[in-house]
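[1] Below are the sequence and a predicted model for it; my questions follow.
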Amino acid sequence: MDITVIAVSFSVLLWLYLSSVILTAYVASESGRSGVGWFFLSFLFPPYMTLLALAALPEKKEEEWLDRAARHPTTPTIGQRLGRS
């Protein structure tokens, strides 16, 4: 095999791999998850596996998180516990 064919094949495979890793990060960020975290996770595991894992997880919604946080009162400070404020 010619070295040029090997170099071009490697370049195409590298481009496909990197684009799928970037796609995984984009899908993760659009579903409310950490795009950077899923980007690096795609380097540890094949990108098709991380995309399947993302598809299996429910979409995180910021509104749901804010509603849940609003329902649960915050922990009172020491001053509030002692009746000072």
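    On my side now, so go ahead. Computed from a predicted model, the values in this text were never measured in an experiment. Numbers count the residues shown, from 1 in each chain.

[2] and Val36, what is it in contact with?
    With contacts defined as C-beta atoms under 8 Å, 6 or more residues apart in numbering, the neighbours of Val36 are Ala25. For the C-beta atoms, the positions are set from N, CA and C on the backbone; glycine is no exception.

[3] next structured bit after the helix or strand harbouring it?
    Assessed by DSSP states H and E, Val36 sits inside helix 35-44. Following helix 35-44 in sequence order, the next helix or strand is helix 47-56 (DSSP H and E).

[4] Packing partners of the lengthiest helix in the chain?
    In the chain, assigned by DSSP state H, the helix with the most residues is helix 3-30. In this structure, helix 3-30 makes packing contacts with helix 35-44, helix 47-56, judged by 3 or more C-beta pairs under 8 Å, 6 or more residues apart in numbering; DSSP states H and E.

[5] about what we covered before: only the buried residues of the helix holding Val36, if you could.
    Trp38, Phe39, Leu41, Ser42 (16 or more other C-beta atoms under 10 Å).

[6] Check stretch 25-38 too.
    Ala25, Val27, Ala28, Ser31, Arg33, Trp38.
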